[in-house]
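[1] Have a look; sequence and predicted model below, questions after that.
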Amino acid sequence: MLVLGFPAGPLQANCYVLASAEGAPCVVVDPGQEAVSTLDEQLGKYRLTPAAVLLTHGHFDHVFSAAHVCRTHDVPAWIHPADRYMLTDPGAALGPAGRQLFGDGPSMDAPEDVRELADGAVVEAAGLRFDVTHTPGHTSGSVLFGVEADEGGRLLLSGDTLFAGAIGRTDLPGGDHEQMMESLRSRVLPLDDDVVVLPGHGPTTTIGRERAGNPFLQGLPATDALS
């Protein structure tokens, strides 16, 4: 499997590209602000053709370029219905502090073909299977995408639910700290230690590393491991 990732925009949100191999169809995850030029470079370098855009949540630093990517390549975007409104109204999720920094947020258009994610669903695209896990907390519609690597092991695209050593903020509209803690307890902690986490900001990590050292996971009673 080919996995590419790069930070983009003022908030350095990670955009990811996953494909079975070079010269194959691919899936683009979270194309945010200022992601297009680097994304196009990566697509050209590895001869990749987008088949779908997956969005971990609706904040503009993760979805800003989704409409452009979808329009350019005639592909759908997938997002949880609770966050769909942010595709055309990014300011609604900023809150007072965010509006002081960004005003009403950047002007955005929604992709023409928007498809809604559901907890427990599977999105099949570019020859890959992405398991969808709803993890409200950072936003009402935050999700995790899990995918098996051809070489063995499992990848988790965690958006802003889980970072290396931290978690996403919960003080913006749609955020809820209690929901975040429950999502971490019931949906993240049961995962195997060797799951590789590709977060929405910052470096790659693993579930085992976060279980051992992430202060926000300490003291949370874990459920049984997920299959």
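    Thanks, I have the structure now.
[2] bridging residues for residue 26?
    Beta-bridge pairing for residue 26 (DSSP bridges): residue 19, residue 50.
[3] What residues does it make contact with?
    Taking Cβ atoms under 8 Å, 6 or more residues apart in numbering as the definition of contact, the neighbours of residue 26 are 2, 17, 18, 19, 43, 48, 49, 50, 51, 126. Using the backbone N, CA and C atoms, a C-beta is placed for each residue, glycine as well.
[4] Okay, now the unreliable bits of the chain?
    With pLDDT under 70 as the threshold, the chain has low-confidence stretches at 95-106, 222-227.
[5] What ranges does it have for its strands?
    Shown for the chain, the strands assigned by DSSP state E span residues 2-8, 13-19, 25-29, 49-54, 77-79, 114-116, 122-125, 128-134, 143-148, 154-159, 162-163, 166-167, 196-199, 205-206.
[6] quick revisit: now a PyMOL select for only the buried ones of the contacts of residue 26.
    Buried subset of the contacts of residue 26, written as a PyMOL selection, criterion 16 or more other Cβ atoms under 10 Å:
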select buried, resi 2+17+18+19+43+48+50+51+126
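[7] Output the longest helix belonging to the chain.
    Secondary structure of the chain read by DSSP state H shows that its longest helix is helix 36-45.
[8] just checking, what packs against that one?
    Applying 3 or more Cβ pairs under 8 Å, 6 or more residues apart in numbering; DSSP states H and E, one finds that helix 36-45 makes contact with strand 2-8, strand 13-19, helix 66-73.
[9] want to try a markdown table for those, with distance to residue 91 as columns?
    Putting the helices and strands packed on helix 36-45 into a markdown table (distance: least, Cβ to Cβ, whole Å) gives the following:
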| stretch | distance to residue 91 |
| --- | --- |
| strand 2-8 | 20 |
| strand 13-19 | 17 |
| helix 66-73 | 17 |
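[10] Pick the most deeply packed of the ones you listed.
    strand 13-19 (a mean of 25; mean count of other Cβ atoms under 10 Å).
[11] Which other helices and strands does it contact?
    Under the contact definition 3+ Cβ pairs under 8 Å, 6+ apart, strand 13-19 sits against strand 2-8, strand 25-29, helix 36-45, strand 196-199.
[12] what about the shortest one, distance to the chain center?
    Translated: strand 196-199. What separates the centre of strand 196-199 from the centre of its chain is 10 Å, taken as Cα atoms, centre = their mean, to the nearest Å.
[13] can you check the longest one too?
    The chain centre lies 19 Å from the centre of helix 36-45; the measure is Cα atoms, centre = their mean.
[14] likewise stretch 182-189?
    With Cα atoms, centre = their mean as the basis, the mean position of stretch 182-189 lies at 16 Å from the chain mean.
[15] So for the longest helix of the chain, what gets flagged as buried?
    If you call a residue buried by 16+ other Cβ under 10 Å, then helix 36-45 has these buried ones: 36, 38, 39, 42, 43.
[16] do stretch 53-68 as well
    Of the residues in stretch 53-68, those with enough neighbours to count as buried (16+ other Cβ under 10 Å) are 53-68.
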